[in-house]
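Visitor: Predicted model and sequence follow; I will ask about them next.
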There are 2 protein chains.
Amino acid sequence: MYLESIDGPQDLLALDSRQRIALAEEIRAALLHKLSLRGGHVGSNLGFVEATIALHYVFHDPDDKIVFDVSHQSYTHKMLTGRRDAFLDESRFDDVSGFSEPSESDYDLFRMGHTSTSVSLASGLAKARDMAGRGGNVVAVIGDGSLSGGEALEGLDFVGGELNGNMIIVVNDNGMSIAENHGGLYRSLAHLRESGGTSPDNIFTALGLDYRYEPRGNDIDALIRIFEQVRDTDHPVVVHIRTRKGLGYTPAERNKEAWHWHAPFDEATGVSLAPPRRTYLTEAGDHVLDLMAADPEVTAIIAGTPTVFDLTPERRARAGRQLIDVGIAEEQAVAMASGMARGGGKPIVGMYASFLQRTYDQMMDDVCINSSPATFCIGNASIWGVNDVTHLGLFDIAMIGNIPGLVYLAPTNVEEMNAMMDWAVRQTQHPVAIRMPAGTVRHADDAHPVRRDYSRLDTFDTLHRGSRVAIIAAGDFLRLGEDTARLLHDEEGIDATVVNPQFISGVDAATLDSLLDDHTVVVTLEDGMLSGGFGAKVAAHYAPTPMRVLCYGFAKTYYDRYDPAEVMHDNRLEPGAIRDDVLHTLADGVEFPQRPVARGGAFPRDTAA
Amino acid sequence: MYLESIDGPQDLLALDSRQRIALAEEIRAALLHKLSLRGGHVGSNLGFVEATIALHYVFHDPDDKIVFDVSHQSYTHKMLTGRRDAFLDESRFDDVSGFSEPSESDYDLFRMGHTSTSVSLASGLAKARDMAGRGGNVVAVIGDGSLSGGEALEGLDFVGGELNGNMIIVVNDNGMSIAENHGGLYRSLAHLRESGGTSPDNIFTALGLDYRYEPRGNDIDALIRIFEQVRDTDHPVVVHIRTRKGLGYTPAERNKEAWHWHAPFDEATGVSLAPPRRTYLTEAGDHVLDLMAADPEVTAIIAGTPTVFDLTPERRARAGRQLIDVGIAEEQAVAMASGMARGGGKPIVGMYASFLQRTYDQMMDDVCINSSPATFCIGNASIWGVNDVTHLGLFDIAMIGNIPGLVYLAPTNVEEMNAMMDWAVRQTQHPVAIRMPAGTVRHADDAHPVRRDYSRLDTFDTLHRGSRVAIIAAGDFLRLGEDTARLLHDEEGIDATVVNPQFISGVDAATLDSLLDDHTVVVTLEDGMLSGGFGAKVAAHYAPTPMRVLCYGFAKTYYDRYDPAEVMHDNRLEPGAIRDDVLHTLADGVEFPQRPVARGGAFPRDTAA
């Protein structure tokens, strides 16, 4: 087996053409075997095996640097850079992450997982090289699907006009994003493929870049030839290569979208081994489809991730022209939603929390400063979301919950989520974001009534009024709050107040102040980072008073490939731990009634503003 | 005077060609007179007078919609849409803002002031129109300088590929950004101008857009002809017009950069009437130039705003290749800085707080997740920054102060700012942002010693240790804190502790806990929004304890064209008001010593993370 002889890229030089082809097949087989057992990014890795071999054959670290965009296509790169056992030995599968990871290898230059960043990051490596007077090639790999992102386009424009020195941009064109591509540049890319790179409408030359085209993107020898032609170039050059997503595995070649990322599967048949399960994303998608069917002006907007509303091709067909996929262009999605709302439309944007990060300025300046009544449904905003460091969904409350004018709602069950969506689309006063819950899908019941109208902003629902201790539990952590209240009641005889805040971008001053009369401790629970979050607003409201506030959520840090249960435990997000902290604080308690004091510039004035 | 006969765009139809030219000269004279008295955007408005007349002659609100990018070039538009008196009658100059403002007129569709947004916002208006089955033209005006922004490029790609219906994009090409343009697409634009629009490298057609070129961008009749050709188009089309920035005012034509925005000036000579004053931005620029002179690997990065370091053309020449202006491309600036830092370089990014908003994702994913030791100097982050709603500098602490891994420093004088910059560039562990102070430039003295090493993160400096009351005053509000302490001492006999936190992205748990022994009230002061800010972290730290915390800063709202003194007063940011709140809180005080309690999942654990 040739793969076992590859301890590093230099070992590729010992292989001849025939042996390199055999190596590619070994790598493909290893990829498929691990992917079938663990799941992961299938199509993008299968299509980039040959190009990765050719890149490491021609460009040699440490002098040469290769940056993989998104880096979910870098599995072959990992196999060729000393990490093959993590793909061959099942007991070592977990040694490597699914993305580029500097702590694994010096061949991985950045922790990355968002699209459209490789050109900008690589331009920095090239500039640092030039400022220090060093040599070497800097190579940025970027997929066609990532080209529509603003950061990539800014990077290409900068490199084309300002870089001057050596840089090679490999455009891995498999004609696909996660789903089909969207945007005018994809017509130009198609024309470039059809014309063998000679079509006049060329986004790369229009941005000042030198350009080469290689249609045989899965032919190692052809790729080695073209990479050798551009090696040590004294100016930036784009090498546009045509690859086949999913190459070598029929199911993945036949259904590229379903196999972009895939759960564990039976390798022989391609049948998924993961039982399909209904999530809040499916429920939200169902409701969005119902809203669109009832009103032709309701429009769903997504940015290259149909899964955020579980929009399979069939469901996208049902939505028809009422669904707009802008492709990987989150800024456009959010700004266009503001324009539609100001134009009398009813846009509902579906976006994962991790990618919402790209739109802070659009959320504030395009949407909120204009009070555009657009609706945003935020997905995977939870410790139970994606657990890779670049895809965490724990920062959204701190990010948009502090943007003036935005109403951020945290539903606790399906019916509440849908009622919030109905209100958000109906009203015309506020931009509204809805934090789609994670975990087990729950439903409303007598103990959890659903409000229809949310126009009285920042009004919390008190589900049970007790005394001494109040638990304010947001979104999918309401259940944890109720379990804690039960424990306090059953074991300590404490009749705790339980509040479903619903609003997480502000506080209910009347409800909070009323607790000062007969409560000593207020507990807040949120499925997100504490710093800048919801509990911080409650703590700040009580800051000038004697109320003791215990805020529970996640530390201000980056978790990576974590076990949610462990992280919950480490942050004392368990009824027992919270009970202990509450008892400890009560022992230190104060007299009733507590008197609220003049607050001056303190927080409560914000909620009125 | 024709201008006095224009109550709305429809009145333009009564004017013949000669009269329209006379009107343009009247408008230009009015612009110059008001600008000379009040200051404002000179060059961009003088160059777009004719195009604005032609647009309103051809396209008629309310059926047709015109969106001006940035909208600092919309003064003529305001004069033609019922607001001429705000330019002719000095007593009414303040009736209009310097940007598009819906509260002034239905002809202004969005509050906007950031670049590169008009195409995306207009695409939403067009989509809403199409979903509702309405007609009418949607026109987006965008300057060449704004084309390099990610949002604009995402918008052009979307419109070129996905919009299908009517939309007209007027590219106002005056060959300039605020300063010179940067990026490859500007070579293509120059070739298009030189070739009369026939050059093959065409960014617009490469993005799937139909394209027209009109070199006579200051010829009303020529513009009317080409706008009439594209009116009611059934698909998106770009009309690329060549205009002359500053046209009609010699000083502005001669020095386009100095006259992009200008303070009040003598109309006859063009001599500025505003005395030049040294600001913290000038001081920071001086220090950056010194650092670059001392170390060839130190590189300053700006994104189209040389003023952030007061980099006049002369100072830019001094910096030479150690200064990189990426043009309007904030995402590229920040991501490239991360790449440079990871590549061993020493990048110092200068950016205004308002535009930093475009880089939340790059700050987190490209920079902080990679612990890239890049330095960021943040400008106009203060109530004394720009007071237009779209340029507020009050949100940066909430935005980046909650991003894990970022060290955010708030210097209180020039020497402290420079020492922080020295340390940030020297160290290799952390991304560091420095909040350049605003207001009167202050210097270190015996009472305000400067630390050289900031590697012990989140350690506050106690300038004076008193008892009962502690005042933690960040950045340029330290002086307010000292004045308040003096008042408490002189009038109330209270010996207040005064702390310069220096770090605003975390808290000094040891210092805060030590105050529990003999302090009842802690006051926090910050020159930014309270929600999600620095005081909130202090309040959250004390939340489980009896400490009373009063947080002072600004409400969670959008101020517009405000008087800083008034806003300070409204937020009780005055020694007398703070003194009153402190006395009121003390009257409600508790016993000593206060005992810290087990904090469970509460905030202090974050600072350890």
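Guide: Structure received. Note that the coordinates shown come from a computational prediction; the quantities given were computed from them, not determined experimentally.

Visitor: Pull out the buried positions in the longest helix along chain A.
Guide: Counting by DSSP state H, the longest helix found in chain A is helix A:17-38. Within helix A:17-38, the residues that count as buried by 16 or more other CB atoms under 10 Å in any protein chain shown are A:20-21, A:23-24, A:26-28, A:30-32, A:34-36. Backbone N, C-alpha and C define where each C-beta goes, glycine included.

Visitor: could you give me the average pLDDT of it?
Guide: Averaging pLDDT along helix A:17-38 gives 97.

Visitor: Which strands or helices does it pack on?
Guide: In terms of contacts (3 or more CB pairs under 8 Å, 6 or more residues apart in numbering or on different chains; DSSP states H and E), helix A:17-38 is packed against helix A:43-47, helix A:49-58, helix A:75-78, helix A:85-88, helix A:220-230.

Visitor: repeat that for 6 Å
Guide: helix A:49-58, helix A:85-88 (3 or more CB pairs under 6 Å, 6 or more residues apart in numbering or on different chains; DSSP states H and E).

Visitor: Which helix or strand lies directly C-terminal to it?
Guide: Per DSSP states H and E, helix A:17-38 leads on to strand A:40-41 as the next helix or strand towards the C-terminus.

Visitor: Show me what that following strand pairs with in its sheet, parallel or antiparallel.
Guide: When pairing is defined by DSSP bridges, strand A:40-41 lines up against strand A:261-262 (antiparallel).

Visitor: Run through who's touching the partner strand.
Guide: A:39, A:41-42 (CB atoms under 6 Å, 6 or more residues apart in numbering or on different chains).

Visitor: Whichever helix or strand comes after that strand packs against which elements?
Guide: Where DSSP H and E defines the elements, the next helix or strand beyond strand A:261-262 is helix A:280-294. With contacts defined as 3+ CB pairs under 6 Å, 6+ apart, the packing partners of helix A:280-294 are strand A:298-302, helix A:414-426.

Visitor: picking up where we left off before, out of the helices and strands packed on helix A:17-38, which gets nearest to chain B?
Guide: Among the helices and strands packed on helix A:17-38, helix A:49-58 comes nearest to chain B, with 18.5 Å by CB to the nearest CB.

Visitor: gap between the closest one and the chain center?
Guide: Distance of helix A:49-58 from its chain centroid, counting by CA atoms, centre = their mean, to the nearest Å, is 29 Å.

Visitor: And stretch A:149-166, by the same measure?
Guide: 24 Å.

Visitor: what does stretch A:138-154 give?
Guide: On CA atoms, centre = their mean, the centre of stretch A:138-154 falls 17 Å from the chain's centre.

Visitor: hmm, that stretch in reach of chain B?
Guide: Yes. Applying CB under 6 Å from any CB of the partner chain, one finds stretch A:138-154 touching chain B at A:148, A:150-151, A:153-154.

Visitor: in that stretch, what counts as buried?
Guide: Quick answer for stretch A:138-154 (16+ other CB under 10 Å): A:138-154.

Visitor: swap in stretch A:204-217?
Guide: Neighbour-count burial for stretch A:204-217 [16+ other CB under 10 Å]: A:204-214, A:217.

Visitor: Kindly check the end-to-end length of it for me.
Guide: By CA to CA, to the nearest Å, the extent of stretch A:204-217 from end to end equals 18 Å.

Visitor: Mind checking if it is in reach of chain B?
Guide: Yes. Using CB under 6 Å from any CB, stretch A:204-217 reaches chain B at A:205-208.

Visitor: winner for burial among the helices and strands packed on helix A:280-294?
Guide: strand A:298-302 (a mean of 25; mean count of other CB atoms under 10 Å in any protein chain shown).

Visitor: ok and it relative to helix A:414-426, angle-wise?
Guide: Here strand A:298-302 points in a direction 110 degrees away from that of helix A:414-426 (axes from the mean of the first three to the mean of the last three CA atoms, to 10 degrees).

Visitor: Please name the nearest non-neighbouring residue to A:Ala447.
Guide: What sits nearest to A:Ala447 in space, not counting adjacent residues and going by CB to CB, 6 or more residues apart in numbering or on different chains, is A:Leu463, at 6.9 Å.

Visitor: Pretty sure the one you found sits in a strand.
Guide: Yes. Residue state for A:Leu463 (DSSP: H, G, I helix; E, B strand; the rest coil) corresponds to a strand.

Visitor: and the longest helix of chain A, how far out from the chain's middle?
Guide: That offset, for helix A:17-38, works out to 29 Å (CA atoms, centre = their mean).

Visitor: same deal with stretch A:39-59?
Guide: How far stretch A:39-59 lies from its chain's middle: 23 Å, per CA atoms, centre = their mean.

Visitor: Repeat that for stretch A:210-220.
Guide: 31 Å.

Visitor: which residues touch that stretch?
Guide: With contact meaning CB under 6 Å, 6+ apart, stretch A:210-220 is reached by A:20, A:50, A:53-54, A:197, A:204-205, A:222, A:226, A:237-244, A:247.

Visitor: Give me the distance between the two termini of it.
Guide: 22 Å.

Visitor: so what's the residue most central in space within chain A closest to, chain neighbours aside?
Guide: Centroid-nearest residue in chain A: A:Ser354, 3.1 Å away (criterion: CA atoms, centre = their mean). Nearest residue to A:Ser354, sequence neighbours excluded (CB to CB, 6+ apart): A:His391, at 4.7 Å.

Visitor: That neighbour: neighbouring residues, count only.
Guide: 19 (other CB atoms under 10 Å in any protein chain shown).

Visitor: The one 3 residues further on too?
Guide: Other residues within reach of A:Leu394 by the criterion other CB under 10 Å amount to 27.

Visitor: that older thread, which one among the residues of stretch A:204-217 next to chain B gets closest to A:Tyr107?
Guide: A:Leu207 (28.7 Å; CB to CB).

Visitor: shouldn't that closest one be in contact with A:Asp157?
Guide: Yes. Between A:Leu207 and A:Asp157 there is a contact under CB atoms under 6 Å: 5.0 Å.

Visitor: list residues touching both of these two?
Guide: Joint contacts of A:Leu207 and A:Asp157 (CB under 6 Å, 6+ apart) are B:184-185.

Visitor: what's the pLDDT at A:Asp61?
Guide: 82.

Visitor: any idea whether it is helix, strand or coil?
Guide: Classification of A:Asp61 using three-state DSSP returns coil.

Visitor: Tell me what angle the helix or strand A:Gly124 falls within forms with strand B:298-302.
Guide: A:Gly124 belongs to helix A:118-131 when elements are defined using DSSP H and E. Counting by the same axes, to 10 degrees, helix A:118-131 points 140 degrees away from the direction of strand B:298-302.

Visitor: Skipping its backbone neighbours, what lies nearest A:Ala51 in space?
Guide: A:Leu223 (5.7 Å).

Visitor: From A:Arg18, how far off is the one you found?
Guide: Using CB to CB, to the nearest Å, A:Leu223 is found at 16 Å from A:Arg18.

Visitor: A:Asp490 now?
Guide: To A:Arg18, A:Asp490 is 72 Å away according to CB to CB.

Visitor: Parallel or antiparallel, list what pairs with the longest strand anywhere in chain A.
Guide: Using DSSP state E, we find that the single longest strand of chain A is strand A:519-529. Take DSSP bridges as the rule and strand A:519-529 pairs in its sheet with strand A:468-473 (parallel), strand A:548-554 (parallel).

Visitor: so how far does stretch A:262-275 reach from one end to the other?
Guide: 12 Å.

Visitor: which two from the residues of stretch A:138-154 next to chain B end up farthest apart in space?
Guide: Among those, A:Ser148 and A:Glu154 lie farthest apart (CB to CB), at 12.2 Å.

Visitor: Alongside chain B, which residues does the stretch 51-200 of chain A contribute?
Guide: Applying CB under 6 Å from any CB, we find that the stretch 51-200 of chain A lies next to chain B at A:110-111, A:114, A:117, A:120-121, A:123-125, A:127-128, A:131-132, A:148, A:150-151, A:153-155, A:157-158, A:160-162, A:182-185, A:187-188, A:200.

Visitor: I'd like the helices and strands packed on helix A:280-294 written out as a markdown table, with distance to chain B added.
Guide: As requested, the helices and strands packed on helix A:280-294 are exported to a markdown table (distance: least, CB to the nearest CB, whole Å):
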| stretch | distance to chain B |
| --- | --- |
| strand A:298-302 | 6 |
| helix A:414-426 | 13 |
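
Visitor: Sweet, I'm off.
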